[in-house]
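Undergrad: sequence and predicted model, in that order:
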Amino acid sequence: MIASRKFRSTPFRDSSETWAAIVQLLTHTNQEAKRELELVAGTASSCIADQATKTAPIIITCEGPRTRIYCLYDDDALDQSDFNETVLGFDPLKGEWSVSLPCTKEDLTWVQASLLKHSSRVTARDLSLGISDEEQTTASAAGGLTLNAKGFLGQ
């Protein structure tokens, strides 16, 4: 199962406020994780400011469902019809968790180094890779099996 949320970013709120809102959603019951995510706030905010999260999600994995978080920008951030910042019906940081931030290729090296100084659970990936790396990891964990949803649904 995958949960998805869309957060309103600039100009509705700046990138630091956007990261703070995302952290609040993820950690409303987990103060230890909140402290760890706050340590990477500057770096995460930089990825949000670069609009990396417009087309590539922040991916949160844990022992429960996966969560994808996108950000809305410009007119979309001001439109009140497409965002969803509601609380999740599960703990998105249950057990062993990780957060993968999308990042522009030009900034990837420094962003990865900066994140590593504060957390081994928060990493960055090239936004042009989309989410294929995580999907491959999931398929490997499932013994190489993948579900072809279109084939399953007869499409």
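TA: Noted; the coordinates are in hand.

Undergrad: next helix or strand past the longest helix along the chain?
TA: Looking across the chain with DSSP state H, the single longest helix is helix 15-27. Sequence order places helix 31-39 as the next helix or strand after helix 15-27, per DSSP states H and E.

Undergrad: from the contact counts, what lies against the longest helix of the chain?
TA: strand 2-8, helix 31-39, helix 41-49, strand 66-72 (3 or more CB pairs under 8 Å, 6 or more residues apart in numbering; DSSP states H and E). Just so you know, the C-beta spots here come from the backbone N, C-alpha and C atoms, and that holds for glycine as well.

Undergrad: with just CA atoms, put it into CSV.
TA: Below are the C-alpha coordinates for helix 15-27, written out as CSV (Å, rounded to 0.1, in the frame of the first residue of the first chain):
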residue,chain,number,x,y,z
SER,A,15,10.5,25.8,1.7
SER,A,16,11.5,25.8,5.4
GLU,A,17,7.9,26.1,6.5
THR,A,18,7.0,23.3,4.0
TRP,A,19,9.6,21.0,5.4
ALA,A,20,8.4,21.8,9.0
ALA,A,21,4.8,20.9,7.9
ILE,A,22,6.0,17.6,6.4
VAL,A,23,8.0,16.8,9.5
GLN,A,24,4.9,17.5,11.7
LEU,A,25,2.8,15.1,9.5
LEU,A,26,5.5,12.3,9.8
THR,A,27,6.4,12.7,13.4
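
Undergrad: thinking again about what came up before, who wins for proximity to Thr109 among the helices and strands packed on helix 15-27?
TA: Among these, the nearest to Thr109 by CB to CB is helix 41-49 (12.3 Å).

Undergrad: next one: stretch 59-73 to chain centre, how far?
TA: Averaging C-alpha positions (CA atoms, centre = their mean, to the nearest Å) puts stretch 59-73 5 Å from its chain's average.

Undergrad: who's in contact with that stretch?
TA: Applying CB atoms under 8 Å, 6 or more residues apart in numbering, the contact partners of stretch 59-73 are 1-10, 12, 18, 22, 25-26, 48, 51, 53-55, 57-58, 77, 79, 82-83, 88, 90-100, 131, 134.

Undergrad: mind listing what's buried in that stretch?
TA: By neighbour count on 16 or more other CB atoms under 10 Å, the buried set for stretch 59-73 is 59-62, 64-73.
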